[in-house]
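Engineer: task: produce atomic coordinates for the following.
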Amino acid sequence: MFSIIAAIGKNNELGKANRLVFHIKDDMKHFREQTSGHKVVMGRKTWDSLPGKLSGRENIVISRHSFNGPDLIVNDVDQFIKDNIDTEEEIYIIGGGTIYQTFLPYAKHLYLTEVDASDPDADVFFPSFDKSSYSQTLIRKGTENGLEYSIIKYSKA
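Structural biologist: Numbering: from 1, shown residues only. Take a look at the predicted model:
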């Protein structure tokens, strides 16, 4: 099964200049706890934005080009979805915007850190989705560096 994990602003902001818009330690801790021991799927730009391979996880990059570093490079995303859609294993989609858009229709769960702030300079956005199609579970709320946020799990019925 596919699950999406992201931190987004009031206007669905994700990133700018190949970096995260919001840096919240609790969100990063939540990300590590959720994804540890699982496969994480990302696009090439997200891979390039990381300081290195995410340890304790199988790093899968969707790209048309081969390069060194990740555990697996997938160049046929449709085949990857077909091969993994019915697995019981939770596979986390970690970005960026185009990858989220591609996997959103197939994701059973969305783990979203919703930040009560916006960034007019953001250049990557999370896709819009119908929240009424999901049940919502509040994982926790917090405030860090003046940013209020809620970590919410959305689950398809």
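Engineer: around S49, how many other residues sit close by?
Structural biologist: 16 (other Cβ atoms under 10 Å). Placement of C-beta: from N, CA and C, glycine included.
Engineer: cool, the one 3 residues further on as well?
Structural biologist: Each residue near G52 was counted by other Cβ under 10 Å, and the total is 8.
Engineer: report the secondary structure state of F22.
Structural biologist: Under DSSP: H, G, I helix; E, B strand; the rest coil, F22 falls in the coil class.
Engineer: cool, the one 4 residues further on as well?
Structural biologist: Going by three-state DSSP, the secondary structure assigned to D26 is helix.
Engineer: pLDDT value on it, please?
Structural biologist: The model reports D26 with a pLDDT of 96.
Engineer: gap between it and A117?
Structural biologist: With distances taken as Cβ to Cβ, to the nearest Å, D26 is found 15 Å from A117.
Engineer: strands of this protein, residue ranges please.
Structural biologist: For the chain, the strands defined by DSSP state E cover 2-8, 13-16, 19-20, 39-43, 58-62, 72-74, 91-95, 107-115, 124-125, 134-144, 147-156.
Engineer: can you tell me which residues contact E148?
Structural biologist: By Cβ atoms under 8 Å, 6 or more residues apart in numbering, the contact list for E148 reads V115, D116, A117, K141, G142.
Engineer: if we can go back for a sec, would TSV of the strands of the chain with distance to F31 be doable?
Structural biologist: Listed next are the strands of the chain as TSV, based on distance: least, Cβ to Cβ, whole Å:
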stretch	distance to F31
strand 2-8	6
strand 13-16	13
strand 19-20	10
strand 39-43	9
strand 58-62	14
strand 72-74	20
strand 91-95	8
strand 107-115	8
strand 124-125	17
strand 134-144	12
strand 147-156	10
